[in-house]
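Visitor: Curious how this folds, go ahead:
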Amino acid sequence: MFYRKIIDLLNKWSKEQDRKPLILRGARQVGKTTAVHMFSKSFDHYIYLNLETHRDREIFLHKLSIDDLVQAIFLHANISDTKGKILIFIDEIQHSPEAVAIMRYFYETKKHLYVIGAGSLLETMIGNNQISFPVGRVHYLFMYPLTFEEFLIAMKEDQALKLYHTIPLPSFAHDKLLNLFHTYTLIGGMPEIVRNYASHLDMVQLKQIYQSLQTSFIDDVSKYARNHTMIETITHAIESSPFEAGKRIKFQCFGNSNYRSREMGEALRMIERAMLIFLLYPSTATEIPIMSDTKKSPRLQFIDTGLLNYIVGLQGHYYQYSDLHSFYQGTIAEHIVGQELIASDMTSSKKLSFWVREKKQSVAEVDFLSSYQQYIIPIEVKSGKTGTLRSLHQFVDASNHTFAVRLYAGDIHISDATTLSGKKYRLLNLPYFLTGNIEQYIDLYL
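Guide: This is a model prediction of the structure:
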């Protein structure tokens with residue numbers, strides 16, 4: 001087991017005065033159960049209930065009062081001495097609507113207990129209205145595959161990690177961290193993959209794990225889909241998503257299919273609720289707030305870049321190029337940046353957006369938008385060379401500030417730039433691997 005940043009947030013949650021039961025949301029096999037097991041070490045008593053098993057699920061079927069239920073849980077766990085801090089972890093909670101319904105009473109009458117619920121397809125169940133969480137009575141956190149920072153921890157790259165947190169990064173550390181980020185982008189952040197690679201440093205051993213992960217996502221569909229037609233539609237959505245990742249998509253005929261917009265839209269939104277994909281919608285905003293336009297075509301983000309590489313067959317390309325932006329039309333560089341940006345906020349389900357300006361003569365598109373204080377900061381992912389920044393220039397021209405960010409393979413530097421229309425602005429150039437620290441660098445240079 002290795003450290004995950006979510007544990008810091010779990011510790012913070014445990015210290016809140018008006019603490020609510022916690023729901024930990026995240027896709028299958030991103031490490032939710034392991035993280036809670038690690039967090040439990042600071043408690044006097046730890047009760048783990050896995051509601052995939054009938055034995056544990058049965059406790060909630062009798063619809064006991066909250067007092068009797070707590071006593072039944074203690075008896076079930078063979079705990080007679082209930083002094084001290086007690087953590088109850090209800091895993092795979094989506095298997096029991098009764099367990100979900102009782103969560104509000106833990107908040108209202110049993111605040112001395114620390115209660116966490118989690119489930120791999122929880123969001124899908126919520127979306128089908130089979131489960132409804134008590135509004136205002138639970139707290140949410142969101143968990144994703146390992147970030148680059150967590151990857152460094154898992155790989156025991158202690159010196160690299162120390163330098164990663166040194167702001168600004170010393171120039172001598174650039175090549176080492178870029179190479180490590182290259183490896184991280186290649187294998188991805190799924191915990192079982194990282195654990196195996198950290199132990200053996202062997203890519204060949206990972207193939208079976210990648211395949212098992214992909215199969216497990218598809219196998220889950222049959223558990224929750226309403227009928228055979230929906231199973232086929234969602235399976236197609238999952239299998240096709242890695243090939244469409246990084247692109248703006250249409251629901252109609254998605255993945256070279258004959259599916260209609262309505263049925264494929266439902267399938268894609270369902271696997272998005274399961275956090276297997278993210279649909280990033282465009283915005284035309286240049287001043288806060290960022291308002292996404294869900295009527296326009298979204299860009300698809302897959303759960304994990306490493307799993308994407310395996311499914312699409314890109315792993316061999318990593319050994320041919322030194323710059324992530326140099327192959328697959330730059331899609332992988334943009335995708336891993338998106339993965340890092342999404343994982344940087346585990347307290348909110350707020351989606352990423354990108355910027356567009358669509359005119360008859362031309363279309364401008366900036367890869368990502370980030371809210372910072374009273375500004376919207378444009379973030380462009382480019383190659384190691386100077387490249388063209390026409391879309392970024394158009395955003396800056398329309399913006400109420402004069403600051404932008406470029407993520408690329410080169411060193412950190414701030415440059416004075418001028419748009420094509422003559423507006424001067426400051427461009428922060430950051431290496432890809434510092435995406436997780438982007439806010440600190442904006443703090444430093446804005």
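
Visitor: which parts of stretch 218-237 are buried?
Guide: The neighbour-count check on stretch 218-237 (16 or more other Cβ atoms under 10 Å) flags 220-221, 224-225, 230-231, 233-237 as buried. All C-beta atoms are positioned from the backbone trio N, CA, C, and that covers glycine.

Visitor: any chance you could map the helices in the stretch 251-400 of the chain?
Guide: Remark: helices assigned in the stretch 251-400 of the chain by DSSP state H, counting those that start in this stretch are 261-273, 305-312, 331-343, 390-398.

Visitor: neighbouring contacts of the third one?
Guide: What it means is helix 331-343. Outside helix 331-343, the residues that touch it by Cβ atoms under 8 Å, 6 or more residues apart in numbering are 144-145, 147-148, 184-185, 189, 245-247, 278, 280, 301-302, 304-305, 308-309, 314, 323-325, 352, 367-368, 370, 379, 381, 407, 432, 435-436, 438.

Visitor: That helix vs helix 305-312, what angle?
Guide: 140 degrees (axes from the mean of the first three to the mean of the last three Cα atoms, to 10 degrees).

Visitor: circling back to that earlier point, I only care about the contacts of helix 331-343 that end up buried; give me the PyMOL line for that.
Guide: Buried residues among the contacts of helix 331-343 (16+ other Cβ under 10 Å), as a PyMOL selection:
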select buried, resi 144+145+147+148+184+185+189+245+246+278+280+301+302+304+305+308+309+314+323+324+325+352+367+368+370+379+381+407+432+435+436+438
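
Visitor: quick one: which of the contacts of helix 331-343 sit in strands?
Guide: Among those, DSSP state E puts 278, 280, 301-302, 367-368, 370, 379, 381, 407 in strands.

Visitor: packing partners for the longest helix along the chain?
Guide: Of all segments of type helix in the chain, defined using DSSP state H, the longest is helix 206-224. The contact analysis (3 or more Cβ pairs under 8 Å, 6 or more residues apart in numbering; DSSP states H and E) places helix 206-224 against helix 191-200, helix 228-244, helix 305-312.

Visitor: Pick out whichever of the ones in strands among the contacts of helix 331-343 sits closest to Ile153.
Guide: Lowest distance from Ile153 to the ones in strands among the contacts of helix 331-343 (Cβ to Cβ) belongs to Leu407, with 22.1 Å.

Visitor: Show the model's pLDDT score for the closest one.
Guide: Per-residue pLDDT puts Leu407 at 96.

Visitor: Can you tell me how far it is from Asp304?
Guide: 19 Å (Cβ to Cβ, to the nearest Å).

Visitor: And Ser14, by the same measure?
Guide: Distance from Ser14 to Asp304, by Cβ to Cβ: 29 Å.

Visitor: How confident was the prediction at the residue nearest to Lys423 when sequence neighbours are not counted?
Guide: Leaving out its chain neighbours, the residue that sits closest to Lys423 by Cβ to Cβ, 6 or more residues apart in numbering is Asp397, at 5.5 Å. The model reports Asp397 with a pLDDT of 95.

Visitor: I'd say Leu64 and His76 touch.
Guide: No - the criterion here is Cβ atoms under 8 Å, and Leu64 misses it with His76 at 11.8 Å.

Visitor: Residue ranges of each domain in this protein, please.
Guide: Here the domain parsing of the chain from automatic domain parsing is 6-142, 148-337, 353-445.

Visitor: Gln94 looks like it's in a helix, true?
Guide: Yes - checked against DSSP: H, G, I helix; E, B strand; the rest coil, Gln94 lies within a helix.

Visitor: how many other residues sit next to it?
Guide: 23 (other Cβ atoms under 10 Å).

Visitor: Repeat that for Gln159.
Guide: Neighbouring residues of Gln159 were enumerated by other Cβ under 10 Å; the total is 11.

Visitor: Can you name the residues that contact the residue nearest to Met203 when sequence neighbours are not counted?
Guide: Of all residues not flanking Met203 in the chain, Gln315 sits nearest, at 7.0 Å (Cβ to Cβ, 6+ apart). Residues near Gln315 by Cβ under 8 Å, 6+ apart: 186, 203, 309.
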